[in-house]
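1. everything below, folded, please.
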Amino acid sequence: MSAATSPATSPVTTTAPVPSLTSVFVRLKLALLRNGLRQSGGRTVAYILSIVFGAVLAAAMVLAFVLLRGSADADTVAILLTGVLALSWTVMPLFIPSGDETLDPSRLVMLPLRPRPLVRALLVASLVGVGPALTFVLALGAVLALAHGAAATVLAVLAVPLTAVTCVALSRAVAAANVRLLTSRKGRDLALLSGLVIAVGMQFVNFGAQRLGQAGGLESLEPATAVVGWLPPAAAIGAVDSASKGDYAVAAARLLLTAAVLVALVYWWQRSLVRLMVEPDGSTIGAASDAGAKEKSGGSGLLARVLPGGRTGAVMERSLRYIWRDPKTKAAWVTSLAIGLIVPLFNAFQGAGSIYFACFASGMLGMLMYNQFGQDGSAFWMVAQTVSTAADAYAELRARALALLAITLPFTVLVTGVTAAVLGDWGQFPEALGLALGLLGAMVGTGAVTSASFPYSIPQDSGYKNVAPGQGGLAWISIMGGMLAAGVLCSPLIGATVYLHVSDQQSLLWLLLPAGTLYGTLLILAGLKLAAPRTAKRLPEILTAVSKG
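-> Residues are numbered from 1 along each chain as shown. You can find the predicted model right below:
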């Protein structure tokens, strides 16, 4: 009798539903944000403060739009502010390349992802954050100020999310198209210069606001509103305004134009992602070919042919290359050049300026001589190896001063000349230029002394910090003490200018140009003579101070 055998049973395998790529990316974005906030309490506090500030700003903007409802200028304010908002989304990835590091597409190169689902997932994940939420609320406030009637309300329901999504897609498309640039040294340079762009932009806003008040208020912006109202995503807000006025054909055209631009942006974004995923990075190939070309040419560039020989030319070339290649040095130079030009010119354009404001450029540029050894960092030990006597230190400081003067001297003449041209006051050009050159000489001379006496480190990997922790006092002593000393040293020139004006001897004011040039030269030579022996004696202390970053 055989034992009964039961049929073999195979286990039933159930496969869990595969989550969509979009939900995975949204959860990934939330997880990365959450884990990032857990890294430090300061980051958490900063994020919470940004949320609070964004919420307060959004509430204030919505309230302002509600109060603006029914005003004749409501369309101008709503459309132009939407255009400015879109512009900020466009340039944000260029100046803040690491603002959203969680969605860097270069991290996804090795994953088997198709472009279309990837773009959709990235777009939805990009809508998670304070910035998109604030954009949505501002667009909502704009349509609250403009929507009148049933048709306008229906368009408003479509225009608000369309505006927010278009802004985000525009930002992502620009970032994807420039991701190779943004992760390079040039991208870091752009990030360092973002503060300068904001400062210059505020000057333009201030100047525009004053001109706007003189030109008759917001009515003068109607031509700009007519143009921006057809530029997406502001066109979506303009569509609500057109529907409120009964121009339904124009409203539909504006809304469809915004939708078409959104589709084009997504397509551009997809093409950029495809190139990023499948094409090799040719930067190393280009670098290798450039290096080979330099080796074939013998490595002699334009600077080597123009600058003098010996130690002076070598140090000058090194200093000029620092200006072009080092991000912190470049940022300092561009900031000084831009602000030194903007302040005199904007005051002159506003009619409240003076040609003596050109001396502001001399002060900004002269401060670049301060802390000359800080830009070397720990590499200062190579400079220290070449300095054994006061004569060597004098040659080193003189070459650095000449490199600075090679740019600052012509720029000072340019700023003074342009200021005189805007003011139409060429009669005071010689005396103003003489004072500017005298101040520049005083700043360079005192900068050499403070570089030897109060050196401090400039961190290279700490964002916008230009002073190492614990050296803030040295920086303030160096800058403020040098500026006060330079002002005192320029008192003879200032006194001579005042005396010639008070004594009604304007015919002799032209003498201030050669006097200021000679006096500034003497101050530079005196400062170098004083700083050289101190530099030679304090080489270990200087190296320790500039290596702390």
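
2. please count neighbours and contacts with C-alpha atoms only from this point.
-> Noted.

3. element containing the closest residue to Trp268 other than its chain neighbours?
-> The spatial neighbour of Trp268 that comes closest, neighbours along the chain excluded (CA to CA, 6 or more residues apart in numbering), is Ala173 at 6.5 Å. Element membership of Ala173, judged by DSSP states H and E, is helix 150-177.

4. buried ones in that helix?
-> Burial within helix 150-177, assessed by neighbour count using 16 or more other CA atoms under 10 Å, is assigned to 152-153, 155-156, 159-177.

5. the helices in the stretch 301-450 of the chain, which residues?
-> Using DSSP state H, counting those that start in this stretch, the helices of the stretch 301-450 of the chain run over 302-306, 310-325, 327-349, 359-366, 380-385, 390-423, 429-453.

6. distance from the chain centre to the last one, please.
-> Using CA atoms, centre = their mean, to the nearest Å, we find the averaged C-alpha position of helix 429-453 to lie 28 Å away from the chain's own average C-alpha position.

7. packing partners for that helix?
-> If you count contacts as 3 or more CA pairs under 8 Å, 6 or more residues apart in numbering; DSSP states H and E, helix 429-453 packs onto helix 359-366, helix 390-423, helix 472-489, helix 491-502, helix 512-537.

8. mean pLDDT lowest for which of those helices?
-> Among the helices and strands packed on helix 429-453, helix 472-489 carries the lowest mean pLDDT, at a mean of 79.

9. dump it to CSV, restricted to CA.
-> Once side chains and other backbone atoms are set aside, the C-alpha atoms of helix 472-489 remain, and they are given as CSV (Å, rounded to 0.1, in the frame of the first residue of the first chain):
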residue,chain,number,x,y,z
GLY,A,472,38.5,89.7,12.5
GLY,A,473,40.3,92.2,14.7
LEU,A,474,43.4,92.1,12.6
ALA,A,475,41.4,92.8,9.5
TRP,A,476,39.6,95.8,11.0
ILE,A,477,42.9,97.2,12.3
SER,A,478,44.5,96.8,8.9
ILE,A,479,41.7,98.3,6.9
MET,A,480,40.4,101.0,9.2
GLY,A,481,43.8,102.1,10.5
GLY,A,482,45.2,102.3,7.0
MET,A,483,42.2,104.3,5.7
LEU,A,484,42.5,106.8,8.6
ALA,A,485,46.2,107.1,8.1
ALA,A,486,45.7,107.6,4.4
GLY,A,487,43.2,110.4,5.1
VAL,A,488,45.6,112.1,7.4
LEU,A,489,48.4,111.8,4.9
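
10. mind listing what's buried along it?
-> Taking 16+ other CA under 10 Å as the neighbour-count basis, helix 472-489 is seen to contain the buried residues Leu474, Ala475, Ser478, Ile479, Gly482, Met483, Ala486, Gly487, Leu489.

11. the spatially closest residue to Val261 that is not a sequence neighbour: helix or strand, and which one exactly?
-> When the adjacent residues along the chain are set aside, Val261 lies closest to Pro232, with 7.0 Å between them (CA to CA, 6+ apart). Secondary-structure assignment from DSSP H and E places Pro232 in no helical or strand segment.

12. how much space between Trp381 and Phe373?
-> Going from Trp381 to Phe373 by CA to CA, to the nearest Å gives 10 Å.

13. having no further points to raise, I will conclude here.
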